[in-house]
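Enquirer: with the input below, show me the fold.
(one chain, ligands or ions: 1)
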Amino acid sequence: MFLNRLGAAFLLSGVSVWMCSAVGSAVVPQTAPAKPAFSLPGLDNKPIAPFMAHADAARGDALVHQVCTSCHAMDEGASDGVGPNLSGVAGRRIAGLSSYSYSAALKGQQKQFWSDQALSDWLTSPARFAPGTRMSLVGLPDPTQRADIIAYLHTLGDAEAPAPSPDPR
Ligand code: HEC
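Expert: The predicted structure follows:
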């Protein structure tokens, strides 16, 4: 008798849970929002080209020496620091230095090159560009600053080198 009651109790609660969920999903429509309800300001990948037109490499030089040189060497041939040497990085293959051991996150992007747009997206939020990256920089939300920095990066290394042709594969 006791076991019967126990069984009935389990059965009844199972049935009522099922009914609640059935009624709930019938009454509440399942609609995923077309757009996320909020987006973090400045974290959208904005086209950088319009900002490149007014970029100032001298301002970028100052910014890089404030923000980046604690981890990155900028002189050609200088050894890598916490991060890889950035001389000639503009146009280079992503994670392309054999001397530096990149995170798997950045190595996963090796098919691409550091175009201005890729650099801009990276500097907007390294963690979003390559989730799991070791570059612990929160990001630079200001597109003017990113453009200045990218313009400065173009002046480093072998500036005369032709832009690499896209990967033929
Ligand atoms: C706290 C240290 C740190 C700071 C500050 C920092 N970086 Fe980095 N950076 C790294 C590390 C570490 C990596 C390698 C990331 C990986 O392997 O995931 C990296 C990678 C890069 C790469 C990719 C290079 C390649 O060869 O593919 C670029 C470009 C870069 N950083 C630019 C910058 C710029 C520009 C700044 C300043 C705005 C900056 N970084 C500030 C640590 C830093």
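
Enquirer: which residue, neighbours along the chain excluded, lies closest to the residue nearest the centre of the chain?
Expert: Relative to the mean C-alpha position of the chain, the nearest C-alpha, by Cα atoms, centre = their mean, is the one of residue 129, at 1.6 Å. Excluding the flanking residues, the one nearest residue 129 by Cβ to Cβ, 6 or more residues apart in numbering is residue 122, at 4.5 Å. Where C-beta positions appear, they are placed from N, C-alpha and C, glycine not excepted.

Enquirer: I'd say the one you found and residue 130 touch.
Expert: Yes. Using Cβ atoms under 8 Å as the test, residue 122 is close enough to residue 130 to be in contact (7.5 Å).

Enquirer: hang on, the residue nearest to residue 129 is in a helix, isn't it?
Expert: Yes. When classified by DSSP: H, G, I helix; E, B strand; the rest coil, residue 122 is found to be part of a helix.

Enquirer: where's it relative to the ligand, distance?
Expert: Distance of residue 122 to the ligand, computed by Cβ to the nearest ligand atom, to the nearest Å: 6 Å.

Enquirer: what is the neighbour count of that residue?
Expert: Neighbour count for residue 122, taken as other Cβ atoms under 10 Å: 23.

Enquirer: which bits of the chain sit near the ligand?
Expert: 64, 67-68, 70-72, 82-84, 86, 89, 94-97, 102-103, 105-106, 114, 123, 133-137, 149 (Cβ under 6 Å from any ligand atom).
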